[in-house]
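> pasting the sequence and the predicted coordinates here, then a few questions.
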Amino acid sequence: MFPRISDLINYMFGTNLNIPIQSYGFMIAVAFVAGAVVLYFELKRKETEGLIPAQQRIIVQGAPASTQELILSAIFGFLLGWKGVGLLIDYSIFSPNPQEYILSWNGSVVAGLLFAIGFSGYNYYKKYKERLDKPVSEEVTIHPYQLTGTILLVAAIFGIIGSKIFDTIEHLDDFVRDPFGTLFSFSGLSFYGGLLIAAVAVVWYTGRHKIRLPFIADAIAPALILSYAIGRIGCQLAGDGCWGVANLNPMPEWLSFLPDWIWSFTYPHNVIDDGVLIPGCGGDHCFVLPTPVYPTPIYETLMGLVIFGILMSIRRLLKTPGYLFSIYLILNGVERFLIEEVRINKPYEMMGIQVTQAQIIAIGLMVLGCMGFWYFRWLKKKVGRKVGRIEM
């Protein structure tokens, strides 16, 4: 496997680079960017079609920097200096495990304080130069697509919080053994936990900006499934443990044109160091699974891309706001329920049947998707039949 991006580059081109960027984190970043691009253009399209209104906001020009602005700039500067300069000083510590370094107390406090003073001072000076004897209020137009960056930030923050909460619930024994290490680590992220908490936060934030639930739900549905599909590439590259159950079955004849690792894989050099030692291997991540397993991240990526294609192809055909999101919930629930049949996860006993946490949530998503057709149809009838310009 390729725990770091440089491992993949070295494998492909025979180089000997040491770039401290984890492949999983890199693909998560790519997933967020790809999702943001899709959301940006969907919001722009919906505004053009008159589905989402732009907003007028009053801003004050010529006022001095507020205490809140100075504090926020100082905090940002401190974090940048503390960790940014610190990782350069402690590069030998940072390089093997960037996530662990970022979440540790290591860093340059002196650089952090200097950066805090510098950022806060620059903000104060900039506002001072732009000051007016009498500050004036100005009305500006805020377009929905201009909120994409903030929506992404809200989704990222609350998504990580939600994913850690749900993963902690699923692995309470790990939390009891090491509470701090479990909560403040990049491993152990529950996709559905992040999805649920992030969805609530995004709906709350966009609601404050007059973007109603059916429209933001439809706009974000393709972005969500595309981000999911790309994120799973990171799981496969890193070998982070999100693989399937043991697969000793021979590859079916009708799949013989595919490489063997698509059917079963042992994840050599996986990032979590699971399995047995690889003979003669030196350095980090020298483990390989003793028994091949289903490479489920590959299957999830492929199914996610298929769902993305379906949503993008039908999004203009649906005339009821909210229907696209309902279809997303159903398809996503079906995909995850099926993949859990061959994916490693902790099972629960439910009415005599063993199911995983993800399958329980997947069933809930499918039910919500079916209910969504009724709810959004009822909502449309309630507020009016004028397609594309309903106010909800």
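Nice, I can see it.
> flag the helix or strand of this protein with the lowest per-element mean pLDDT.
Within the chain, no helix or strand scores below helix 179-183, which has a mean of 57 by mean pLDDT, DSSP states H and E.
> could you point out which element follows that one?
The C-terminal neighbour of helix 179-183 among helices and strands, as given by DSSP states H and E, is helix 191-208.
> quick one: the helix or strand that that following helix is followed by to chain centroid distance?
Following helix 191-208 in sequence order, the next helix or strand is helix 213-238 (DSSP H and E). With C-alpha atoms, centre = their mean, to the nearest Å as the basis, helix 213-238 stands 8 Å off its chain's centre.
> tell me which other helices or strands helix 213-238 touches.
The contact analysis (3 or more C-beta pairs under 8 Å, 6 or more residues apart in numbering; DSSP states H and E) places helix 213-238 against helix 23-48, helix 191-208, helix 296-314, helix 323-339. Just so you know, the C-beta spots here come from the backbone N, C-alpha and C atoms, and that holds for glycine as well.
> among the ones you listed, which is nearest Leu248?
Across those, Leu248 has its closest neighbour in helix 296-314 (15.9 Å, C-beta to C-beta).
> domain map for this structure?
Per automatic domain parsing, the structural domains of the chain span 5-54+143-383, 61-138.
> ranking the ones you listed by burial, who's on top?
domain 5-54+143-383 (a mean of 17; mean count of other C-beta atoms under 10 Å).
> is it fair to say Tyr348 lies in a strand?
Yes - assessed with DSSP: H, G, I helix; E, B strand; the rest coil, Tyr348 lies in a strand.
> report pLDDT for Lys83.
pLDDT recorded at Lys83 is 87.
> got the phi/psi numbers for it?
Backbone geometry at Lys83, expressed as degrees, to the nearest 10, gives phi -90, psi -40.
> that one reaches Gly107, doesn't it?
Yes - using C-beta atoms under 8 Å, Lys83 is in contact with Gly107, at 5.1 Å.
> circling back to that earlier point, least confident of the helices and strands packed on helix 213-238, on average?
helix 191-208 (a mean of 82).
> and that one, what does it pack onto?
Short answer (3+ C-beta pairs under 8 Å, 6+ apart): helix 191-208 packs on helix 148-170, helix 213-238, helix 357-383.
> columns distance to Leu70 and mean pLDDT on top of these, output as JSON lines?
Formatted as JSON lines, those follow (distance: least, C-beta to C-beta, whole Å; pLDDT from 0 to 100):
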{"stretch": "helix 148-170", "distance to Leu70": "21", "mean pLDDT": "79"}
{"stretch": "helix 213-238", "distance to Leu70": "33", "mean pLDDT": "94"}
{"stretch": "helix 357-383", "distance to Leu70": "43", "mean pLDDT": "89"}
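> reformat those helices into JSON lines and put distance to Thr141 next to each item.
Compiled in JSON lines, those are given as follows (distance: least, C-beta to C-beta, whole Å):
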{"stretch": "helix 148-170", "distance to Thr141": "16"}
{"stretch": "helix 213-238", "distance to Thr141": "18"}
{"stretch": "helix 357-383", "distance to Thr141": "25"}
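> among the ones you listed, which is nearest Tyr11?
Nearest of the helices and strands packed on helix 191-208 (C-beta to C-beta): helix 213-238, 10.7 Å.
> between helix 296-314 and that closest one, find me the angle.
Computed with axes from the mean of the first three to the mean of the last three C-alpha atoms, to 10 degrees, the direction of helix 213-238 lies at 150 degrees from that of helix 296-314.
> from Leu114, how far out is Tyr122?
Counting by C-beta to C-beta, to the nearest Å, the gap from Tyr122 to Leu114 is 12 Å.
> equivalent analysis for Ser73, please.
For Ser73, the distance to Leu114 - C-beta to C-beta - is 14 Å.
> tell me which of the helices and strands packed on helix 191-208 approaches Phe26 most closely.
Of all the helices and strands packed on helix 191-208, helix 213-238 comes closest under C-beta to C-beta, at 6.9 Å.
> show me the shaky parts of the stretch 1-150 of the chain.
95-100, 102-103 (pLDDT under 70).
> please, where are all the helices along it?
Secondary structure of the stretch 1-150 of the chain by DSSP state H, counting those that start in this stretch: the helices cover 5-13, 23-48, 67-79, 86-89, 91-94, 98-102, 109-129, 148-170.
> excluding chain neighbours, what is closest to Asp90?
Asn106 (5.9 Å; C-beta to C-beta, 6 or more residues apart in numbering).
> how near is Trp378 to Thr320?
Relative to Thr320, and taking C-beta to C-beta, Trp378 is found at 10 Å.
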